[in-house]
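Asker: build the 3D model from these lines:
(one chain, ligands or ions: 1)
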Amino acid sequence: MKAAMCFTCLLAIQSSPLPRPEDTEVWTPQPPVVPPGPFVPSPPPAGAIVLFDGTDLSNWVSTRDRTPARWLVQDGVLTVAKGSGNIETRRRFGSYQFHLEWRIPQHIAGDGQARGNSGVFLASTGDGDLGYELQILDSYRHRTYANGQAGSIYKQYAPLANPARRPGEWQSYDIVWQAPTFGLGAMVSRPATVTVFMNGVLVQDQRVLKGATVYVGEPHYTAHGRAPIKLQDHGDPSAPISFRNIWVRDLDS
Ligand code: MG
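Answerer: As a prediction, this is how the structure comes out:
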């Protein structure tokens, strides 16, 4: 009897393998390539909170320990200091409109997810990569899984189009984030929604998020309040991503 039970256990284990990262990769269909129009400057409107104006990182802290952010600021541009960890806004937000410009290095090397990987975590819910990630990656004539390319809500929604510019050119994200709300028992009462324009092209249209981003397994919600906006220092060895002209409009105030 004892031996039979063990055999049953083994069968159960074999029939439910551990989730793997590739289980949540979606490769087809690939979003249509939609070359964007010329780059249009988008200075902060009146009342916007300027998070990076090209001069300093006073509005940003290290996610790891909330000490002053240690990424590089030079010639009006913010660049990831590889290995220094993610940075996030000192201020916390609920729902907001957000503008950010980013640039893949001109001579980017690497493949797959190791080619100019960074990201915007729309609400940072903890250290590391906890939160909801809008992916940044070199997606100019470069194929990866559709729900992991630039403009994707990582491993939840592929972008509606691929308007990527070539490496070395500035690109933009304009985001409307409606934060999730939580009720009794920390259950989600209203899921987060997000709309994203990449280089002026709609890539996410009022998407209802399934939860926070995970690399392995299915996304799920964990209750949180107002949260910082986080930029990713991805661990791959490709050259670092740069940013400029970052501003936000708080939609709760
Ligand atoms: Mg990323």
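
Asker: so what's the residue count around the residue nearest to residue 124 when sequence neighbours are not counted?
Answerer: Spatially, and ignoring its direct neighbours in sequence, residue 124 is nearest to residue 230 (3.6 Å; CB to CB, 6 or more residues apart in numbering). Just so you know, the C-beta spots here come from the backbone N, C-alpha and C atoms, and that holds for glycine as well. Neighbour count of residue 230, defined by other CB atoms under 10 Å: 27.

Asker: for residue 230, give the beta-bridge partners.
Answerer: Using DSSP bridges, the beta-bridge partners of residue 230 come out as residue 88, residue 121.

Asker: separation between it and residue 210?
Answerer: According to CB to CB, to the nearest Å, residue 230 stands 19 Å off from residue 210.

Asker: and residue 114, by the same measure?
Answerer: Applying CB to CB to residue 114 and residue 210 gives a distance of 26 Å.

Asker: I'd say residue 103 and residue 172 touch.
Answerer: No. Applying CB atoms under 8 Å, one finds residue 103 not in contact with residue 172, separated by 10.3 Å.

Asker: who in the protein is up against the ion?
Answerer: Contact residues (CB under 5 Å from the ion) of the chain with the ion: 117, 119, 232.

Asker: ok, those residues vs residue 183, which is closest?
Answerer: Of all these, residue 183 sits closest to residue 119, with 28.7 Å by CB to CB.

Asker: which residue packs closest to that closest one, ignoring adjacent ones?
Answerer: Nearest to residue 119 is residue 232, by CB to CB, 6+ apart, at 4.0 Å.

Asker: what of residue 245?
Answerer: Using CB to CB, 6+ apart and skipping the chain neighbours, the partner closest in space to residue 245 is residue 101 (4.8 Å).

Asker: what sits opposite that neighbour in the beta ladder?
Answerer: The partner residues for residue 101, given DSSP bridges, come to residue 172, residue 244.

Asker: that one and residue 169 touch, don't they?
Answerer: No. Applying CB under 8 Å as the test, residue 101 and residue 169 come out as separate, 10.4 Å apart.

Asker: measure the closest residue in space to residue 180 that isn't next to it in sequence to residue 154 for me?
Answerer: Closest residue in space to residue 180, ignoring its immediate chain neighbours: residue 192 at 4.1 Å, by CB to CB, 6+ apart. Counting by CB to CB, the gap between residue 192 and residue 154 amounts to 14 Å.

Asker: do residue 93 as well
Answerer: Residue 93 is 20 Å from residue 154, by CB to CB.

Asker: what bits of the chain have low per-residue confidence?
Answerer: 1-15 (pLDDT under 70).

Asker: residue in it nearest to the ion?
Answerer: Closest residue of the chain to the ion, CB to the ion: residue 119 (3.2 Å).

Asker: hmm, back to that, residue 114 and residue 210: which is more packed in?
Answerer: Shown here are residue 114 and residue 210; by other CB under 10 Å, residue 210 has more neighbours (18 against 15).

Asker: for the residue lying closest to that one once chain neighbours are set aside, what are its contacts?
Answerer: Nearest residue to residue 210, sequence neighbours excluded (CB to CB, 6+ apart): residue 219, at 4.5 Å. Contacts for residue 219 (CB atoms under 8 Å, 6 or more residues apart in numbering) come out as 155, 156, 209, 210, 211, 212, 213.

Asker: what about 10 Å?
Answerer: 24, 132, 153, 154, 155, 156, 209, 210, 211, 212, 213 (CB atoms under 10 Å, 6 or more residues apart in numbering).

Asker: how far away is residue 125 from residue 100?
Answerer: For residue 125, the distance to residue 100 (CB to CB) stands at 19 Å.

Asker: what about these two, which has more around it?
Answerer: A count of neighbours by other CB under 10 Å puts residue 100 above the other of residue 125 and residue 100, at 23 against 18.

Asker: dump stretch 53-69 to CSV, restricted to CA.
Answerer: The C-alpha coordinates for stretch 53-69 follow below in CSV (Å, rounded to 0.1, in the frame of the first residue of the first chain):
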residue,chain,number,x,y,z
ASP,A,53,15.6,67.7,-16.8
GLY,A,54,19.1,66.7,-17.8
THR,A,55,20.9,68.1,-14.8
ASP,A,56,20.7,65.8,-11.8
LEU,A,57,19.1,62.8,-10.1
SER,A,58,17.7,64.5,-7.1
ASN,A,59,14.2,63.0,-7.8
TRP,A,60,15.5,59.5,-8.0
VAL,A,61,16.8,56.9,-5.4
SER,A,62,18.3,53.4,-5.6
THR,A,63,15.5,50.9,-5.3
ARG,A,64,17.7,48.6,-3.3
ASP,A,65,18.2,50.9,-0.3
ARG,A,66,16.5,54.3,-1.1
THR,A,67,19.9,56.0,-1.1
PRO,A,68,20.6,58.6,-3.8
ALA,A,69,20.5,57.1,-7.3
